[in-house]
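Colleague: Below are the sequence and a predicted model for it; my questions follow.
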Amino acid sequence: MTSEVGISKHLDLLRKEHVRLQVRHAELQRSYDALLSANSLGCADGIRSALNVSTSNFIHALLHIVTQLYDKDLYSDITIHFDGHQLRGHRIVIAARTDFWGDLSTVERLELTEIPGKVAKVMMKWMYTNILDECIGDSVLLPLLEAALKYHFEDLKTRCEEILIARIDVENCAKVYQFAELHSLDRIRDFCAEVVSDRWSEFTPEHFLDMPAQLLYQLLKRKSGANLLGSLIRLQREDVLFLFLIENDARLKTILNEFDCDGQLPLGIAFELKQLKMAKCLLTHGADVNKLDERGNSLLWKAIEKGNAEVCDFLIENGANLNYVHEESGETLLHVLAKSKAKAQWMPGELTNFDVNALDRSGRSPLIVAVEHENIAVIDLLLQQLPKLDVNRHDNASRSALQIALLERHNLEIAEKLLAIDGLDLLCADKKTGQTLIHKTVAFSDQIAAQFLAANGVPVDLPDAKGSTPLHHLLKALPAFDETTAHHHHQQQSTIDPSLLSILQILLHSGANPSSVDGISGCTALHYAVSKPRAVLDALLPHCDSATIGTTDRDGRSPLWCALLASKFDTAALLIGAGADINEKSADGVPLLIKAIALKRDDISRFLLANKAIAAVTSPDGFTPLNLAVQNGLTSTVDQLCKLGANLNHPNPLNGLIPLWTALENGDFGTAEVLIAHGADTEGLCANDEQTMDETLLHRAIDKNNQKAAVFLIKSGCNVNALRSVRDSPSSRQQPNASSSSPAPSTPVAELYARSKQTPLHTAVQWGLTEVARALIANLSCRIDAQDADGRTAAHIAVLEQDQHTLELLLAHPDPSPLGVRDRYGHTPLALAMRAKQNKMAEAICKRLPHAALQMNGSGENLLHCAVKCADLESVLFLLGIHIDVNIATQDQERNTALHICSRVGEELILRNLILAGAEINARNASGQTALAIAAMHGHDGICRALLENGADPNIANDDGNNALHAAVSRGSVKVIRLLLSESQVDVLAVNKRQQNILHLCAINIGHVSAEAFVEILRAHPNYPLEAADLYGNTMFLLAFINGNSELCKLALKNGACMGTMNSQGQTVFNFSTPTQQLLIGLLESLEREPKWAEGDACSECATKFTLTMRKHHCRHCGRLVCAKCSDQQIPILKYNLAKTVRVCQMCFGVLTLGAAPPQRK
């Protein structure tokens, strides 16, 4: 209702705003017309913008004068008469407004007939001022609009229409519609029709009482469409309905039984409005009285449901179907009547036509429905049908009429009516669950119903299908009680609903048996009662005998044990006082004390011991109470058992471990302290998990990574240096036999032996147990220098495990001597740290033991030598950071310094760091080699450059007389050769002890590398002596040929080498023995110019000495020295541009003529 008032106020505000906008629009229209007139006048006279202002002023002045002339004598030239009144007028104003009167030039008087005076004055005022009051009522506005139509005032007509449309509402819509229809005002008529269509629900029949039937029918046809008939019925106009019936006579049976858009039938609408005359008219013209709506409900069904007795009587009189059954719900008309409180005058006479036991889809009979709705009138009517009526019928939810009356409606009046029936089933047992009405009463906690049923003799101790009696259900439904939250008896009673206690008393006094066993849980009432407030137990105990108190449930629990489990110790004491056995045993022989400890119930254990339960008992599997109490962390119980003299070291029957280890393994250090305080053994020597070794508790704790337990044992004074011992097993007794081929002891035995040599400190460090290691190191009895089977101390293991923290703990020990101990592989802790690149560890060791870095290994190398050898820059930087002497030589035959080793390895960055650290650049090793020579030999040009930059002398020779350049050439290091020739002051002509220069060494190399080196040398020194001979008279060309280096030979010949040179043994390229002569022939064929002539005292072919008579000759092709006999062939050599014949040797003649060597002379 409040929302409707708000909407109405909002609509009023919108209407006011609309009126204000209409007035504003009229003013703007008037101003616009004046400006338009002024503009038209200016354009007609050809006046431009310069005169527009004066014209506009003229128009405004003229309009102002006209507005002042209303009912004035000034300029008046005509009189206007209406309704006994006279106004003075002006022909020009009237002619400007309308042409209704035509030419007024000769007219002196106008008569306005049939117009009220008030309306005429409003019209005349509008003619002069163009102002129309928006607040005029409909009584003035409608005649004014009629006058505007009559006298052709088009502007006034439009203005009146706008005002009228703005104020059309539900209240005046019908009246305005009639007016618009009368005067053919289509705009207003259509608007009214839209209002009727949009707001039809707000219209009432009273709004259309005065509208003619035909006009209303036409309006409804425009508005309603498919809902026309329903709208006609709702207006309660029989005359309009008659017009509809006449117009649709051919299709009446179809139309009268069609649903409208809202799913309603015409008859249904008529019945809803109680228009029985119209309903009779509809029935007369073919409406179906038994037509069902879209939900399957008949008209009689809905009339009964709404309690419309008048409509019900009408329908029955007109043949409505009394045997109707709803298809979806299955309800009959009798079910609907049972729900309705309306009086049905027709029902008593028609009741015999109904099935009084009919069931709906929910299985409810009319009697059940009547009881649900407490319809006493229908109940009395149905009870008159006994014995035909079935009063014990249950619905699908297993509810009887009596149950509904008592438990749902709490209507004792109806219940008493039902109880008065002979044959009524008082139990009302559920067919599925077997629960009686007493069961359900208990479930509903209905004290009144329980008392009512008990008073009427209903049995209270019948079990349901599962074997539970109402007493069991009641006790299970009672709330549990925690006696720790209550301290007084009256508080316990207050936790229970008094009605529940009353029901309990009713059941007990009505014959409920507290010793009966629940078929579901196997519990008696006493089992349930122990977990409830004491008031329940007080109510039950007087009804229980001694046998009931000791009865066990299906799980073997007695009421006493249930009370203990529920921490109901007052209840347990009450049961003990009533005769319960505190030492009772379960079916498998477990005493209560053992059960309590096994369940970790310290409170129960202390209660039993305090009440003199026997402590010297054991479980069937051999556990003592102390074993179980320690295992379950029951510290108080352990302390109590220790005080009672329990065996502190009784082993666990499963693993053989003493109780102290059980406490430590569980992290129960409070219990462990209690055991230690009472004298428990801290060693606890026993077998390990593999049964291969005997170990102490400390070893076991460390193996299990149980640091807290290990620290606890250490602080408790255990043996911190204890060793394991290998057990006497078959595998450990195998001994190697030298006289047989049997294998050595198996690997597991070796591993056992190794483990047996480890102290707890070794193992703790190996497993990374920092806290244990800290506790052991802090213990003055612990030996930190102890060695295991591999000779390693705890420091070795800390480094191997990369345990920085533990190593720092060891370094903080007052005795640093273990840091110098070597394992059986010769490694100290520092050496292991360097190998693992643990520089932080190594630095810590060096700080604690400064000389550790200078120790030599078995190969005579210190840590710096090894780091450089492995190209370990990180380790080198670390050692240089601790200022190790970089010039110390290895203690072996080579006597290399770190710089020598680095030159061989080729790590430039390490080399530069060594130089910066003060390494001697020109230091020589045992064979006299410098670092530069070694680097050149290995082709490390970067190393050579770094050494040269730092002042390395390239001319220092080794024991064989070879300098750095010799070393580079001998190994074919082209880059190094180029570097030394271009960037150093090396002596390129220097020779070694064999008088070999760099070209000799180059010729000794085989392959393209020697050719590249030769090119580099000649590029740096073009005039290098190619004919220089070594100690044996070999030139570089001859050595190149002897070594089969054809490419180098060709390069030498191109650069002017003598081909016919001879060494001290008389060898030349022509007589040197080779498998084939292909190399020599190839060299001869490759000659492009005459080579250098050889010098000597004998013929290179026949070895004849030259004399005055034996002259020297040279082969003009190869340049070698020959005698006349060996050069008796002459031939022109065109490739030398020698056109004349010249002397050549036999070899060259054959090559030049035959392309092959001639046969050898004998």
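Modeller: Ah, there it is.

Colleague: Where does the residue nearest to the spatial centre of the chain sit: helix, strand or coil?
Modeller: For the chain, residue 705 is the residue whose C-alpha lies nearest the centre (CA atoms, centre = their mean; 34.2 Å). Under DSSP: H, G, I helix; E, B strand; the rest coil, the three-state class of residue 705 is coil.

Colleague: Is it in contact with residue 770, as I believe?
Modeller: No. Applying CB atoms under 8 Å, one finds residue 705 not in contact with residue 770, separated by 11.5 Å. Backbone N, C-alpha and C define where each C-beta goes, glycine included.

Colleague: How much space separates residue 97 from residue 1054?
Modeller: Note on residue 97: its distance to residue 1054, by CB to CB, to the nearest Å, is 133 Å.

Colleague: Who has more neighbours out of those two?
Modeller: Higher neighbour count among residue 97 and residue 1054: residue 97, with 20 against 13, using other CB atoms under 10 Å.

Colleague: need the contact list for that one.
Modeller: Residues in contact with residue 97 (CB atoms under 8 Å, 6 or more residues apart in numbering) are 127, 153, 155.

Colleague: Report the buried residues of stretch 933-952.
Modeller: For stretch 933-952, burial by neighbour count (16 or more other CB atoms under 10 Å) applies to 933-948, 952.

Colleague: Out of those residues, which sit inside helices?
Modeller: When DSSP state H defines the helices, the subset of the buried residues of stretch 933-952 inside them is 933-937, 941-948.

Colleague: And the helices in the stretch 101-250 of the chain?
Modeller: Ranges of helices within the stretch 101-250 of the chain are 117-129, 138-150, 154-166, 173-182, 186-198, 213-224, 228-234, 238-247, based on DSSP state H, counting those that start in this stretch.

Colleague: still on that earlier bit, in contact with the residue nearest to the centre of the chain, which residues are there?
Modeller: Per CB under 8 Å, 6+ apart, neighbours of residue 705: 767, 769.

Colleague: Quick check: it vs residue 408, distance?
Modeller: As for residue 705, its distance to residue 408 is 66 Å (criterion: CB to CB).

Colleague: before we move on, what about residue 538?
Modeller: Going from residue 538 to residue 408 by CB to CB gives 33 Å.

Colleague: do residue 76 as well
Modeller: 94 Å.

Colleague: Same question for residue 130.
Modeller: Distance of residue 130 to residue 408, given as CB to CB: 79 Å.

Colleague: Please say which of those two ends up with more neighbours.
Modeller: Comparing residue 130 with residue 408 by other CB under 10 Å, the one with more neighbours is residue 130, at 19 against 13.

Colleague: Let me know the pLDDT of that one.
Modeller: pLDDT, residue 130: 79.

Colleague: go on, residue 102?
Modeller: 83.

Colleague: Ok, residue 920 next?
Modeller: pLDDT for residue 920: 91.

Colleague: For it, give me its contacts.
Modeller: Contacts of residue 920 (CB under 8 Å, 6+ apart): 887, 897, 899.

Colleague: Just the buried ones from those residues?
Modeller: Buried members of the contacts of residue 920, scored by 16+ other CB under 10 Å, are 897, 899.

Colleague: Turn the contacts of residue 920 into CSV, including pLDDT, distance to residue 979 and secondary structure.
Modeller: Below are the contacts of residue 920 laid out as CSV (pLDDT from 0 to 100; distance: CB to CB, whole Å; DSSP: H, G, I helix; E, B strand; the rest coil):
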residue, pLDDT, distance to residue 979, secondary structure
887, 85, 25, coil
897, 86, 22, coil
899, 88, 18, helix
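
Colleague: what's the closest of the contacts of residue 920 to residue 402?
Modeller: Set against residue 402, the nearest of the contacts of residue 920 by CB to CB is residue 899 (115.5 Å).

Colleague: quick one: that closest one from residue 890, how far?
Modeller: 12 Å.

Colleague: quick one: low-confidence ranges for the stretch 51-200 of the chain?
Modeller: The model of the stretch 51-200 of the chain has pLDDT under 70 over residues 51-56, 174, 200.

Colleague: Poorly predicted segments of the stretch 801-950 of the chain, please.
Modeller: For the stretch 801-950 of the chain (pLDDT under 70), the answer is 852-855, 857-858.

Colleague: for the closest residue to residue 676 other than its chain neighbours, phi and psi?
Modeller: Nearest non-adjacent residue to residue 676, counting by CB to CB, 6 or more residues apart in numbering: residue 716, 5.5 Å away. Dihedral pair for residue 716: phi -90, psi 0, per degrees, to the nearest 10.

Colleague: and the gap between residue 716 and residue 697?
Modeller: Here the criterion is CB to CB. By it, residue 716 lies 10 Å from residue 697.
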